[in-house]
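J.: Dropping a prediction and its sequence here:
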Amino acid sequence: MGSRRITRSDKKVDVKPTISESLKTTLYKFAEICDEPVKDVAEKLCNSGAVSEIIIEEIRKWFRRDYRWNNTITMGYPERPKLRITVQPNKGKVTIKFKQRDFDQLSVLAFSLDITPTTTAAVLIRVTLGNKKFMQWYLSEFLRNLDEMKIREIYRLLKL
């Protein structure tokens, strides 16, 4: 009998959302300005976005099932049209590794939206990078060390 391998308790889940080439370029430039690896930036955007009131407020119009987070329940309506993401022919993938707990949260959000966790990650990247209020919070939370020039560069890049 072969010995069964034990899964690491901190094993990460790979998610590879497909995003438009322009969004991918924006994400890569954003990560470069932040001086962080793209995978880390994408993971932070998704994890923060999935539990951000600002972002939930923006995407809840697509909830087909209830979404619970902390003490908040956002009602979903099954008759809502399903969120469809159309990606132009020029597209790319970005690889994100989530901790199991974070992937579970992403999956809960995906269930509410009635789409896959991978597509949900793509939605979160798109919505977080395009939301001025969220980005202001993100900069103050994760990028306090950036100088004024880099912060201006981010605002220009994201057209905020």
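T.: Cool, the structure landed.

J.: show me what contacts the residue nearest the centre of the chain?
T.: The residue lying closest to the centre of the chain (CA atoms, centre = their mean) is C46, at 2.4 Å. C46 makes contact with 96, 98, 102, 106, 121, 124-125, 128, according to CB atoms under 8 Å, 6 or more residues apart in numbering. Yep, even glycine has a C-beta here, placed from its N, CA and C like the rest.

J.: for K82, same thing?
T.: Neighbour list for K82: 64, 114-115 [criterion: CB under 8 Å, 6+ apart].

J.: just to revisit the earlier point, export the contacts of C46 as TSV, with columns for secondary structure.
T.: Shown next, in TSV, are those (DSSP: H, G, I helix; E, B strand; the rest coil):
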residue	secondary structure
I96	strand
F98	strand
D102	helix
L106	helix
A121	helix
L124	helix
I125	helix
T128	helix
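
J.: how close does G76 get to S107?
T.: Applying CB to CB, to the nearest Å, one obtains 15 Å for the distance of G76 from S107.

J.: got it, and E153?
T.: The value you get for E153 to S107, if CB to CB is used, is 34 Å.

J.: Pull out the buried positions in stretch 61-68.
T.: By neighbour count on 16 or more other CB atoms under 10 Å, the buried set for stretch 61-68 is 62-64, 67.

J.: what helices or strands is the host helix or strand of S112 leaning on?
T.: Assigned by DSSP states H and E, S112 belongs to helix 100-113. Secondary-structure packing of helix 100-113 (3 or more CB pairs under 8 Å, 6 or more residues apart in numbering; DSSP states H and E): strand 12-15, helix 38-50, strand 67-69, helix 117-130.

J.: From the buried residues of stretch 61-68, pick the one nearest K24.
T.: Nearest to K24 among these is W62, at 22.2 Å by CB to CB.

J.: For that closest one, list the residues it contacts.
T.: With contact set as CB under 8 Å, 6+ apart, W62 has these partners: 80, 83, 113.

J.: Quick one: neighbours of the last one, just the number.
T.: Counted with other CB atoms under 10 Å, the neighbours of L113 add up to 23.

J.: again with the one 5 residues further on
T.: For T118, the count of nearby residues is 17 (other CB under 10 Å).

J.: What separation do you get for it and E21?
T.: Look at T118 and E21: by CB to CB, they are 18 Å apart.
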